[in-house]
Structure formats: structure tokens, C-alpha cells
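In: No letters, just coordinates:
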């Protein structure tokens, strides 16, 4: 060895510049490209170079004992171990990244010596005598003699404290970012484009999504925080089309623009709504999602309450007005029904009274025909707007509402009866909303007069061509005075024999200048003007006179109005008509609608009992169209029910309709009542009714109402 190699320490820890360079270091020196003719000079140069380097370097022999280390290695270890030490290798202890002490035979240098190969890619902590741990990356390589023998190893130690500190700072920053994202109310996603072979963006992959985005978009975590999956599958309702998210985010990616959109609930996210803001991020797109569901619900609620009543859900006065405005130009006209409730406030507390109003609103809404709307326009006041509805249908709707609202309402304080008044105004053509409402209010004012539930109809165009309602009333009075009202008869057919069992008497008015006027127009006018009693008496007397000339087996059915039933003289008028005509009382049947019973039920029951005692038959019309039919069957002495035409239409083709008819047949049989079906227009309907056990039928299938002169031909036709 040269002089440097012969220098040995006198005592204690050697100084690095006194550590001899062994012959085995020649291979290392050769790796530095320093070997040459003057080996000693070259080794000296190598020694100076290694000592001057800021990288820790040390060598061991084949047994792992230290043979050399430089100042940088001593600085990393925190002390200067004596040579020939195997304190691996120079470090006080080696600690694995997980904090566990690394056994000497598992450290990279030991592996290098044992397997004779370089070891790369590991890092650990060198623990100093004072306990401080320095992260380092070792790069051990074997040293071999010229003959190939393993004679030791050289290890380069890289202090990675700065790198680990930077990694820790990055990890802390990422953790803070992650925490901020996790608690952020807004959703946040990072999207990576998915391109086809031509480079066109065809979809986006969700590379990252925070907790809020996962909740909002319905995502499930994959690979830690990466959401995975295609955007088109997450938002299928928003994906395609020119305004879809794929086109939107592709434009952001390609142009660097910022896109802000709002997307509503019910179009792909169930009940959620969100606001998105998209910006380009490197080669992808970052999107924030704000859940605006609550805001939209508040806005929707505000819009709803602007036009709707909060208690009932019906329109309010403002909403009704908005619905009326487009109807001003409708050629098919419109009608307004004003409904007011009475008598429940005084008997109930506030909560129970509001429950009664809510139930009444539900019943009104349930009765609405197609195209009609209902509104609550006061504490106990409602309005129904019907477009394109003929007068007869309006009258039927009004009567049905009276029937429905007559059913006692169950409240927390017990059942309560609602007093109901209905005022109706009808416009046959283009309407003035203000004028129509005034007419309805006038009708309601009339309906409020007197006791009991009442209906009043103000129909300025009830008689086409009449310049005023007063003129219409004058024309009707003149018609009654001059006996212009005719009685026509519609045959009632027994289903078992297909023979005529009787006729229903129907009033017809042929105006001298306007031709026939519909009963749906002049009957409400008669009710409104108080002429209904005179009209009903004329029809009753004429029907009895005509029927007296028919075969004895035939009966005649005459309709009785609510006003007539309330008249105390009705039983006497019926007795007079029978006596004057000579018609037997058993051949007269009085037909009463459900609304006939509303109001003073005790008086109605007394009148009906008197009529029944006279031998007159009673029938309940429009059975199945209201809510109180069953109660009336039990309370009033009717012997027949007439099934409402709405239940008959299509009964041959509708399983549900046939089931209802069958149930009515069973109920009537149990109560001992006869049945007649109205509005039978097809052979199929007739056959189904006959099969279900309905006793009689009437309708256009057999004949419309005909004048009395046509009775003989009808009898000859049906036998």
C-alpha cells in the first residue's frame, strides 16, 4: 500500500482524512475514471475527491465491516464509528419507513453483500445516537477483485430529508385540500376526456369526486377518492344533444371558456337540482356542483302560493283570474260557479273549521270535469271555472256539487253539516271575466235567500236572442201563460221482454221566433225566477192527461224539482192532477234527483211519505253520481233507482263499469228496489245491462223523447 493506506489512527475515532483507503477501493476508483499510470496519485486524487463530495460514501469488506467513510457519511450518521465496526453500517440503527427497526441482515447493504448485486429503490431512516432519524436512500454496489471475488461493497447514501419534508408538506396540503373538499357544501369533480381513434371527445371519465359530488350525483367511491365511471352514465338525461353536458364540457376543454348552467329536478337526478360551473384544468375539466334543490323548492313554493291557496291547494283569486283571461276569446263560452259554505264556523273551532273547508275543497276538485279549474277565493268561498260547457252540463255539475257537499264532514270535534249555496253564471260565447263574475255573484246572492242549500243560475244568454235576462223571464212567463211548453215522452223498455213499460215526461219549449230551447237553458231560468212551480204543475197535469189514454199497464214518470218538493201543496197538486185526469195513482211515478232532498230533509220526508200514502211511486234519479245516494235510499221511501248515464256509457267494453253496475244491481235487489238505466245508446250496452239484471232501460237506442202524438207508433214498434 502507499502512504495513505499505511496511515492508521492512533486512538479513538479516526478522522475521515486519516482513514486508509484499502486496495479493494481500486474498483471504486476505477468507476470514477481515475485509474492511470500513477496509481498512488490517482488514489490520492480519488480520496480527495470522495472526501470533498457532499454525498455520503462508505465501503465495507466482504464481512460488512467498515473500511472507509467520508465526512458526509459521518455527518449523516451523527458520529464517527471506528473502522471494522458492523453497526450497520456506521449507522446507530436502521429504521424502516413504517417505524420498525430493520434487522441487519435485511438492510440494503446486507442484501448487496449476500447476493453480490447492486440494490436500488429502497429508503430508510438512519438513527443517530441522539435518537434523531435522518431519511436516506442507499445505493450499495459490490466491489470485486480482478479475479472476480467479492471483496466488499461501496454504498452511496443520499440524504432525502428535503425530499421527505417536501413530500410531507405536499401530503399535508393534499390532506387539507381533501378535508376542505369533504366538508365543502359544493360538489367538485375532475373529468378526464375519453377520445375515439380520431381524437374526438366522446365522453368524460370522472377522475375525482368529493363527498358532496358523490351525494349529489349518486356516485360510489372507487380506488380511494376516484369516482370512476363515465359521465354519460352518471347524468344520462343531461349527456346528449347540443345543450348536453358532453358538448358543454368539450367546449370548455377546447376553448378554455367558463360554463355556468342550472339543471332542474326530475330530469335525471330524481328530486335534485344543481348549478354547475366548469373550467379547464390541465388536460381535463374541473366542475363544481351546487345543490340548488332547496332554493328551487322555495322558488317553486313561492310561485305556487302566488296563485294557489295554501290550505286547500286550489287556485286563489289571482290564479283564477289568470285562468279566466285566455277564455275571453273562446267561442264555446264558459261558466262560473260560486260556492259558499255556511253554518260551520259558529259550531267549530278554527282547526276543525279549516278541516271542513279542506274536505269541501277536495270534494269540489274531485267533481271537476275535464278542463275545469277550482279556486278558493275567500275563507269559505270557492269558484269553479268551466270552459266550453253547455248550460245543461253546468246545471248537472252544480247539482252534483250540492249533493257532494251535503255529506257531513268528519272533523276532530265531530261530524258537521255544511250549508251550501251555489250561484252560477253562463256565457255562451266570448266572455267578459268581470261581467261573468258579477253575474255569478248576483246568482249567489239569490241563492243565499231562504233556508237550506240552494242553487241559483244567472244565464243572460239562456234564451238565445233575448236581449236581457228580464226579457228572457218575460218570454218564459208568456210561454207558460200561452201553454207553449210541450210534453214529450221517452219510452222506458223492459229488458226481459223488450216491450215498453212506461214513458218519462220531458218538458220542451218551442219559442215562436227562436225555435226549440234546451231544457238545460230554460229550466234553470225557471228555478231562478220562481217559475219552476208553475212549469212543473203544467207538465204534471199534461202528463197525467196523456197517460190516462195509454194502456193500463203503462206508467208515466214526471220529474219533480227541489223547489216543488219544498212546497207544502205538492201532495195536493199531485192529487188534483190525478183526479182531473182520471189516472190511477199507481201509474204515476215521480222522479227526484239527489239534490231534491237537500235543505229541509224533514219536510221532504214528510211530503214523500204523503205521496207514497196516496199510492204514487217514487224514483231516485242519477243514482251513482253523488255521495249521498245510499243514505237517501235508507231515509226516503223510493221504490226505484235510475242509474246515472255516466255509468252506462261503455259498460259493455269496460270491466270496471260492469262491476259497478253489478254492485248496484245487488244493492237494489237486497233493498227490494227496481232499476232503470238511463242513456242506453248501443245494443252492447243494453245486452250487458240485461245480463247484469237491470230491469229497464231508456235511451236513444230505442227513441229520443217524442210528442204525445207519436205514442201509438212507439207502442206498435215495441209492442
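Out: Structure's in. What do you need? These figures come from a predicted structure and were not determined experimentally.
In: Residue 166: how many residues sit nearby?
Out: 11 (other CB atoms under 10 Å). Quick note: C-beta positions are derived from backbone N, CA and C, even for glycine.
In: Which pLDDT value goes with residue 358?
Out: As predicted, residue 358 sits at a pLDDT of 90.
In: need the contact list for it.
Out: For residue 358, the contacting residues are 311-312, by CB atoms under 8 Å, 6 or more residues apart in numbering.
In: What strand or helix carries it?
Out: For residue 358, the host element (DSSP states H and E) is helix 350-367.
In: Moving C-terminal from that helix, which element do we reach first?
Out: strand 373-376.
In: for that next one, which positions count as buried?
Out: Using 16 or more other CB atoms under 10 Å as the test for burial, strand 373-376 gives 373-376.
In: Ok, stretch 130-148 next?
Out: The neighbour-count check on stretch 130-148 (16+ other CB under 10 Å) flags 133-144 as buried.
In: returning to that earlier point: could you give me the buried positions within the helix holding residue 358?
Out: For helix 350-367, by 16+ other CB under 10 Å, it's 352-353, 355-361, 363-365, 367.
In: Could I get those residues in JSON lines, plus columns for distance to residue 73?
Out: Below are the buried residues of helix 350-367 laid out as JSON lines (distance: CB to CB, whole Å):
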{"residue": "352", "distance to residue 73": "94"}
{"residue": "353", "distance to residue 73": "95"}
{"residue": "355", "distance to residue 73": "91"}
{"residue": "356", "distance to residue 73": "96"}
{"residue": "357", "distance to residue 73": "93"}
{"residue": "358", "distance to residue 73": "89"}
{"residue": "359", "distance to residue 73": "93"}
{"residue": "360", "distance to residue 73": "96"}
{"residue": "361", "distance to residue 73": "92"}
{"residue": "363", "distance to residue 73": "96"}
{"residue": "364", "distance to residue 73": "96"}
{"residue": "365", "distance to residue 73": "91"}
{"residue": "367", "distance to residue 73": "98"}
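In: Would you mind confirming that residue 418 is in contact with residue 360?
Out: Yes. Using CB atoms under 8 Å, residue 418 is in contact with residue 360, at 6.1 Å.
In: what's the helix or strand containing residue 249 packed up against?
Out: For residue 249, the host element (DSSP H and E) is helix 245-255. Judged by 3 or more CB pairs under 8 Å, 6 or more residues apart in numbering; DSSP states H and E, helix 245-255 is in contact with strand 187-195, strand 201-209, helix 231-234, helix 236-239, strand 259-263, strand 274-281, strand 284-291.
In: what angle sits between that helix and strand 284-291?
Out: 130 degrees (axes from the mean of the first three to the mean of the last three CA atoms, to 10 degrees).
In: picking up where we left off before, so what sits against both of residue 418 and residue 360?
Out: With CB under 8 Å, 6+ apart, residue 418 and residue 360 have common neighbours 341, 405, 409.
In: For beta bridges, what are the partners of the last one?
Out: Applying DSSP bridges to residue 409 yields these beta-bridge partners: residue 416.
In: Pull the contacting residues for it.
Out: 344, 355-356, 359-360, 415-418.
In: do you know how far it is from residue 102?
Out: Using CB to CB, to the nearest Å, residue 409 is found at 85 Å from residue 102.
In: Give me the pLDDT value at the nearest residue to residue 202 once chain neighbours are set aside.
Out: In this structure, residue 202 finds its nearest non-sequential neighbour in residue 196, 5.1 Å apart by CB to CB, 6 or more residues apart in numbering. pLDDT, the model's per-residue confidence, is 90 for residue 196.
In: The one 3 residues further on too?
Out: Confidence at residue 199, expressed as pLDDT, is 88.
In: That one belongs to a helix?
Out: No. Going by DSSP: H, G, I helix; E, B strand; the rest coil, the assignment for residue 199 is coil, not a helix.
In: For it, give me phi and psi.
Out: When read as degrees, to the nearest 10, the backbone of residue 199 gives phi 90, psi 10.
In: Now do it against residue 278, distance only.
Out: 21 Å.
In: And the two? Which one has more around it.
Out: Ranked by neighbour count (other CB under 10 Å), residue 199 and residue 278 place residue 278 first, with 23 against 7.
In: Please name the bridge partners of that one.
Out: residue 259, residue 287.
In: and it, how far is that from residue 253?
Out: For residue 278, the distance to residue 253 equals 9 Å [CB to CB].
In: which residues do these two both contact?
Out: Joint contacts of residue 278 and residue 253 (CB under 8 Å, 6+ apart) are residue 285.
In: Wait, a helix at residue 618?
Out: No. The assignment for residue 618 (three-state DSSP) gives strand, which keeps it out of a helix.
In: Contacts only, for it.
Out: Contacts of residue 618 (CB under 8 Å, 6+ apart): 589-590, 592, 608, 611-612, 636-640.
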